[in-house]
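Participant: Have a look; sequence and predicted model below, questions after that.
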Amino acid sequence: MRRVLDGLYALSGGLAAAAICGICLIVAAQVTLNLVARIGGPGWSLTIPSYADFSGYLLAAASFLALAHTLRAGAHVRVTLLLRSLPRPARLACETAALALALAASLYGLYYLVALVEESHRFGDRSHGIVSIPLWLPQSVVAAGLGVFCIALADTLIETLRAGGPVLPDGPGE
């Protein structure tokens, strides 16, 4: 089970990285087209349709898909200076409370995000850009990222309780 969960977190992180690369490609392509238009004149003016919309959707996807991988890598902002100074029972209580609160808030957000996706699908909501996209598509990716984050929080909470102390590294690469 551990390998499946770690694979899920790695896949989510990889998809987030791919989304960031997609943003870079779209923006670089549009900047290149702007340069061509500046050099060649108005006759060479080209625009990638809805490039700002696509970049925004990819940014939302990257932000939420990266949450679980970032948590498990210990790269979320945490107050480890304070935690390290606490005795083991107090450290366990603080870590457990923080994880439980984060899980509750994330599950609350996921519930309403899934409701939004369902509502957007039911009503056929579409973006208003040049390229009209059904809004439930990018919303679904955000919901999936938040869902994987909820799994990672629950996994980390259970591991913390079993270990009797924090299980996350104090920072990336530790």
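Facilitator: Okay, I see it.

Participant: Walking through the protein, point out its helices one by one.
Facilitator: Using DSSP state H, the helices of the chain run over 2-40, 51-72, 80-85, 88-123, 136-163.

Participant: now those in TSV, with mean neighbour count, distance to residue 130 and mean pLDDT?
Facilitator: Backbone N, C-alpha and C define where each C-beta goes, glycine included. Converted to TSV, the helices of the chain look like this (neighbours: other C-beta atoms under 10 Å; distance: least, C-beta to C-beta, whole Å; pLDDT from 0 to 100):
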stretch	mean neighbour count	distance to residue 130	mean pLDDT
helix 2-40	14	13	97
helix 51-72	20	8	97
helix 80-85	12	47	79
helix 88-123	15	20	96
helix 136-163	19	16	97
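
Participant: Tell me which of those helices lies nearest to residue 129.
Facilitator: Each of those has some distance to residue 129 by C-beta to C-beta; the shortest is helix 51-72, at 4.2 Å.

Participant: which residues are in contact with that closest one?
Facilitator: 6, 8-10, 12-13, 15-17, 19-20, 22-23, 26-27, 29-30, 48, 76, 127, 129, 131, 133, 138, 141-146, 148-149, 151-153, 156, 168 (C-beta atoms under 8 Å, 6 or more residues apart in numbering).

Participant: now do stretch 142-157
Facilitator: In this structure, residues lying in contact with stretch 142-157 by C-beta under 8 Å, 6+ apart are 5, 8-9, 12, 16, 60-61, 63-68, 71-72, 96, 99-100, 102-103, 106-107, 109-110, 113-114, 117, 167-168.

Participant: I am finished for the moment; much appreciated.
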